[in-house]
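Enquirer: give me coordinates for this.
(chains A and B)
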Amino acid sequence: MRRGRAAALLVLVCAAASAQERAVPLDQLKSGSAFLGQDLRTLQADEFANPGMLWVERGEKLWSEPAGAANRSCAGCHQGASMRGVAARYPKIDAASGKLLNLEGRINLCRTGRMGAQALRSESEDLLALTAFVARQSRGMPMGVAIDGPARAHLGAGRAFYFQRRGQLNLTCAHCHDENWGKRLLAETITQGHPNAWPAYRLEWQTMGSLERRLRACLSGIRAEMLPYGAPELLDLELFLAWRAQGLAVEAPGVRR
Amino acid sequence: MAARIQIPKQAKRGEVIEVRIVIQHAMETGYRHDDVGHLIKRNVINTFSCRYNGSEVFRADLSSGISANPYLQFHTVAEASGEFEFYWIDDEGMQGSERQSIVVTP
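Expert: This is a model prediction of the structure:
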């Protein structure tokens, strides 16, 4: 938590220096919820009615359910340990393997490495539930990913992906989310594209989904080549987006249109 | 089928209390097609009811127009300590039920 705060503070201090580096100036930084109607903002804030809480509750149960060859549960290792602030720091470099992991990847690495269990399938109810349960514990905390050391290269790759034209519509992410946020795209208001509410309950899907699913929906929207779940390009982009959203409060489980 | 229920644990006799419930259900409308063009059969929760100490205080007939993971909210009067029983069934005959108790003070 302290690290998260420190990172957020650092961003504030460095805002002037990195103004040209920041795609969205800090004083204009807006969470996706700022572009929602009042009804959806209320739904997201309501800890009971928020449909994402169904997954959080399921995740809470799974957290203490033993699985795999080691017959161990998440709670078996993280006994009494709060996951508060963890989601705000992901994607993150795994110290042991040197690989970049998002929260889903971290959970699956724990399952295969420590529990001797099978990795959970992307977008499976169980993986969404566990991710939502962990992410919810960081609700209200500022996003603050580390971008030093080996993460730098991933950040660079993510930035390059963000500013690369792609798809039949030949658009970059920036065309919508930097240059035209706040304007209308048919019935929708274009957001700044921050990942702070994910995993989120999306009304269009009528279910919970991960950030990767949302990014794939964007790829489909601009008619670009579809990347598979877990693609390194998506992971790099997730890191770049998390860095781009530094200082925004985590809202998971979010509610989005 | 998982459900989340919210009623006050305690209430005064005669007090109007709010009952809230969210039920996890896909509420398949019957209007969608799968990837190869076949119609996906309708499967929605068609009946929901709530009994308070044995007598029905709320009933709803749901259909295709209701979103997935339906959220229901209604009010009733706290009369005596006891139990709320929630019951629902979908088109495929899958039943769900939950109970929640309440303490009513004079």
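Enquirer: could you use CA atoms for every contact and neighbour count after this?
Expert: OK.
Enquirer: please enumerate the helices of the stretch 1-150 of chain A.
Expert: A:2-14, A:38-45, A:53-63, A:74-77, A:103-113, A:125-136 (DSSP state H, counting those that start in this stretch).
Enquirer: flag every buried residue along the third one.
Expert: Taking 16 or more other CA atoms under 10 Å in any protein chain shown as the basis for neighbour counts, the residues of helix A:53-63 that come out buried are A:53, A:54, A:55, A:56, A:57, A:58, A:59, A:60, A:62, A:63.
Enquirer: residue farthest from the centroid of the chain?
Expert: Because you didn't say which chain, this covers chain A. residue A:69 (29.8 Å; CA atoms, centre = their mean).
Enquirer: that's the wrong chain, I wanted chain B
Expert: residue B:36 (33.6 Å).
Enquirer: shouldn't that residue be within a strand?
Expert: No - the assignment for residue B:36, made by DSSP: H, G, I helix; E, B strand; the rest coil, is coil rather than a strand.
Enquirer: helices and strands of chain A: which one bottoms out on pLDDT?
Expert: helix A:2-14 (a mean of 50; mean pLDDT, DSSP states H and E).
Enquirer: before we move on, back to that, intersect the buried residues of helix A:53-63 with the contacts of chain B.
Expert: By CA under 8 Å from any CA of the partner chain, the members of the buried residues of helix A:53-63 lying near chain B are residue A:54.
Enquirer: between the buried residues of helix A:53-63, which is nearest chain B?
Expert: residue A:54 (7.0 Å; CA to the nearest CA).
Enquirer: that closest one against residue B:24, yeah?
Expert: Yes - counting by CA atoms under 8 Å, residue A:54 touches residue B:24, with 7.0 Å between them.
Enquirer: who touches both of those two?
Expert: B:2, B:3 (CA atoms under 8 Å, 6 or more residues apart in numbering or on different chains).
Enquirer: residue A:151 and chain B: what is the separation?
Expert: 39 Å (CA to the nearest CA, to the nearest Å).
Enquirer: any weak-confidence spans in the chain?
Expert: All of this is about chain A. A:1-23 (pLDDT under 70).
Enquirer: my question was about chain B, not that one.
Expert: Across chain B (using pLDDT under 70), the flagged ranges come out as B:1.
Enquirer: residue numbers of it in contact with chain A?
Expert: B:2, B:3, B:4, B:6, B:22, B:24, B:26, B:67, B:68, B:69, B:71.
Enquirer: tell me the contacts of residue 90?
Expert: All of this is about chain A. Residue A:90 sits in contact with A:101, A:102, A:103, A:145, A:239, A:242, where contact means CA under 8 Å, 6+ apart.
Enquirer: the chain in question should be chain B.
Expert: Residues in contact with residue B:90 (CA under 8 Å, 6+ apart) are B:43, B:44, B:45, B:46, B:47.
Enquirer: how much space separates the closest residue to chain B within the stretch 101-250 of chain A from residue A:83?
Expert: Going by CA to the nearest CA, chain B is nearest to residue A:206 of the stretch 101-250 of chain A, at 5.8 Å. Using CA to CA, to the nearest Å, residue A:206 is found at 27 Å from residue A:83.
Enquirer: so which of the contacts of residue A:90 is the most crowded?
Expert: For the contacts of residue A:90, the largest neighbour count, defined by other CA atoms under 10 Å in any protein chain shown, is 30 neighbours, found at residue A:239.
Enquirer: mind giving me a markdown table with the contacts of residue A:90 and columns for distance to residue A:129?
Expert: Listed next are these as a markdown table, based on distance: CA to CA, whole Å:
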| residue | distance to residue A:129 |
| --- | --- |
| A:101 | 18 |
| A:102 | 15 |
| A:103 | 12 |
| A:145 | 22 |
| A:239 | 21 |
| A:242 | 21 |
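Enquirer: go back to these and keep what's next to chain B.
Expert: Okay, of those, nothing touches chain B (CA under 8 Å from any CA).
Enquirer: check contacts around the residue in chain B that chain A sits nearest to.
Expert: When scored by CA to the nearest CA, chain B has residue B:68 as its residue closest to chain A, at 5.8 Å. Taking CA under 8 Å, 6+ apart, we find residue B:68 in contact with A:206, A:207, B:24, B:25, B:26, B:27, B:28.
Enquirer: do residue A:243 as well
Expert: A:143, A:144, A:145, A:147 are the contacts of residue A:243 under CA under 8 Å, 6+ apart.
Enquirer: one more time with 7 Å
Expert: A:144, A:145 (CA atoms under 7 Å, 6 or more residues apart in numbering or on different chains).
Enquirer: got it, and residue A:202?
Expert: A:208, A:255, A:256, A:257.
Enquirer: if we go to 8 Å?
Expert: Contacts of residue A:202 by CA under 8 Å, 6+ apart are A:208, A:209, A:255, A:256, A:257.
Enquirer: for the residue lying closest to residue A:215 once chain neighbours are set aside, the count of nearby residues, please.
Expert: Of all residues not flanking residue A:215 in the chain, residue A:234 sits nearest, at 7.6 Å (CA to CA, 6 or more residues apart in numbering or on different chains). Neighbour count for residue A:234, taken as other CA under 10 Å: 21.
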